[in-house]
Structure formats: structure tokens, C-alpha cells
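In: Sequence isn't available, so here's the structure alone:
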């Protein structure tokens, strides 16, 4: 269905589509691709550590990035994001703490890529 300029695909057939990277689905199956070198400042934000890196311009002197309400003491390289409850952390280094929609995720920056292995990761 459409609403003005927005198109909403039917949910059932759309959900049945297998997720596949554009690299595999398109680029490896075409003989008509071209590349142009460009520096666009783009990042493939695929995990919470990458989100923190994208927000690094807002980091404090210890490299901590906060979105929402958080108190960080003696922390460095911490990304704390909360959609409500206060995040309080002491003495942490290179950790991501995400509070969203009643869910809490805590991971090291190095472990952020493995979040998809968790049963509740669909919500995180």
C-alpha cells in the first residue's frame, strides 16, 4: 500500500525474503558494475562499537560517549546509551552499555560483533 510518497510492502511476503548482503545478491552477480573512488565519510555501522565510533566527535576527554542519562566514573572508551533509566558505571574500559525498550545489553567493544549470537538480540 502507499501513503503519499511512502510505499509499505505487504508484511508477509516481505518477511519471507531471505536476508542477503548486497555484495552477494547484486555485486557478485553482475558484469555491469563500475566503481568510482570516493571519500564520503560513510561507515557500515554493524554493531554498537561502530555506533560509538560514529559518535566519537561527542566523546569526553576519556573517550566516553553518552546518549541519554549516564554517570561514568573512572571509565574510558565507554559507550552508554539509555532511552530512560540512568546508566551508572565505575572503572570500566572499552564497554558498550545499551538500555532500550526495557532491554539491557552490556558488551565489550571487541565483543560487540557477537551480539547476534544472543537469543534476545533481535531486540538489541
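Out: Okay, I see it. Keep in mind that this is a model prediction, so the values were computed, not measured. Residues are numbered from 1 along each chain as shown.
In: going forward, measure contacts between C-alpha atoms and count neighbours the same way
Out: Will do.
In: any weak-confidence spans in the protein?
Out: Within the chain, the stretches with pLDDT under 70 are 121-124.
In: remind me, longest helix of it?
Out: For the chain, the helix that runs over the most residues, judged by DSSP state H, is helix 48-54.
In: Check which residues of that helix are buried.
Out: 48-53 (16 or more other CA atoms under 10 Å).
In: hey, where'd the strands end up in this structure?
Out: Applying DSSP state E to the chain gives strands spanning 2-3, 6-7, 65-67, 70-73, 79-82, 87-90, 95-100, 103-108.
In: what residues does the second one touch?
Out: It refers to strand 6-7. Strand 6-7 has contacts (CA atoms under 8 Å, 6 or more residues apart in numbering) with residue 1.
In: Relative to the whole chain's centre, how far out is that strand?
Out: Averaging C-alpha coordinates over strand 6-7 and over its chain gives two centres that are 25 Å apart (CA atoms, centre = their mean, to the nearest Å).
In: Repeat that for the first one.
Out: Centre-to-centre, strand 2-3 and its host chain are 29 Å apart (CA atoms, centre = their mean).
In: before we move on, what about the fourth one?
Out: Centroid separation between strand 70-73 and its chain, computed with CA atoms, centre = their mean, is 21 Å.
In: same thing with stretch 79-94?
Out: On CA atoms, centre = their mean, the centre of stretch 79-94 falls 16 Å from the chain's centre.
In: Identify all contacting residues around that stretch.
Out: Stretch 79-94 has contacts (CA under 8 Å, 6+ apart) with 49, 52, 64-78, 95-101, 108-109.
In: Buried subset of those residues as a ChimeraX selection?
Out: Filtering those down to the buried ones (16+ other CA under 10 Å) takes a single ChimeraX command:
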select :49,52,64,65,66,70,72,75,76,77,78,95,96,97,98,99,108,109
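In: how close does residue 103 sit to residue 120?
Out: Residue 103 sits 9 Å away from residue 120, going by CA to CA, to the nearest Å.
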